[in-house]
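Visitor: fold the following, please.
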Amino acid sequence: MKYVTREKLKNGIEDLEKAQWYLDYLIAFDTNQPFKSHAEIQELLTQQDVLEAGLQDMQNRLTREAGSENE
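Guide: A predicted model of the protein is given here:
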């Protein structure tokens, strides 16, 4: 609660982000779910985007190659 109540007086958004981190941690702990911080989630999303782009490139290449074989 301290981060939420002091948000306007001290560190603003940083304090709210800290409060959110602790709430997410407690929820994960109470529900026996693995805890992922916001940074970890962002990294996973970035990796997913890279993989999806790579798969799309491979699919495009295979489509072009299949088209050139049919000519």
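
Visitor: would you map the helices across this structure?
Guide: Using DSSP state H, the helices found in the chain span residues 2-5, 13-30, 38-69.

Visitor: need those helices in TSV (columns: mean neighbour count and mean pLDDT).
Guide: (Glycine included, C-beta is placed from N, CA and C.) Listed next are the helices of the chain as TSV, based on neighbours: other C-beta atoms under 10 Å; pLDDT from 0 to 100:
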stretch	mean neighbour count	mean pLDDT
helix 2-5	14	75
helix 13-30	13	85
helix 38-69	10	88
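
Visitor: residue 34 is in contact with residue 28, correct?
Guide: Yes. Shown here, residue 28 and residue 34 form a contact pair, counting by C-beta atoms under 8 Å, at 6.8 Å.

Visitor: who touches both of the two?
Guide: Overlap of the contact sets of residue 28 and residue 34 (by C-beta atoms under 8 Å, 6 or more residues apart in numbering) is empty.

Visitor: can you tell me, leaving aside adjacent residues, what's nearest to residue 28?
Guide: Beyond its immediate neighbours in the sequence, the residue positioned closest to residue 28 (C-beta to C-beta, 6 or more residues apart in numbering) is residue 35, lying 3.9 Å away.

Visitor: now residue 33: how far from residue 64?
Guide: For residue 33, the distance to residue 64 under the criterion C-beta to C-beta, to the nearest Å works out to 43 Å.

Visitor: what do you get for residue 28?
Guide: Taking C-beta to C-beta as the measure, residue 28 falls 45 Å from residue 64.

Visitor: likewise for residue 2?
Guide: 59 Å.

Visitor: now residue 43
Guide: With distances defined as C-beta to C-beta, the gap from residue 43 to residue 64 amounts to 32 Å.

Visitor: CA atoms of stretch 19-27 as CSV?
Guide: Output for stretch 19-27, consisting of C-alpha atoms alone and laid out as CSV, is shown next (Å, rounded to 0.1, in the frame of the first residue of the first chain):
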residue,chain,number,x,y,z
ALA,A,19,2.9,-1.7,-6.4
GLN,A,20,1.7,-3.5,-9.5
TRP,A,21,4.7,-5.8,-9.4
TYR,A,22,4.0,-6.8,-5.7
LEU,A,23,0.3,-7.4,-6.4
ASP,A,24,1.2,-9.6,-9.4
TYR,A,25,3.7,-11.5,-7.3
LEU,A,26,1.2,-12.1,-4.5
ILE,A,27,-1.5,-13.2,-7.0
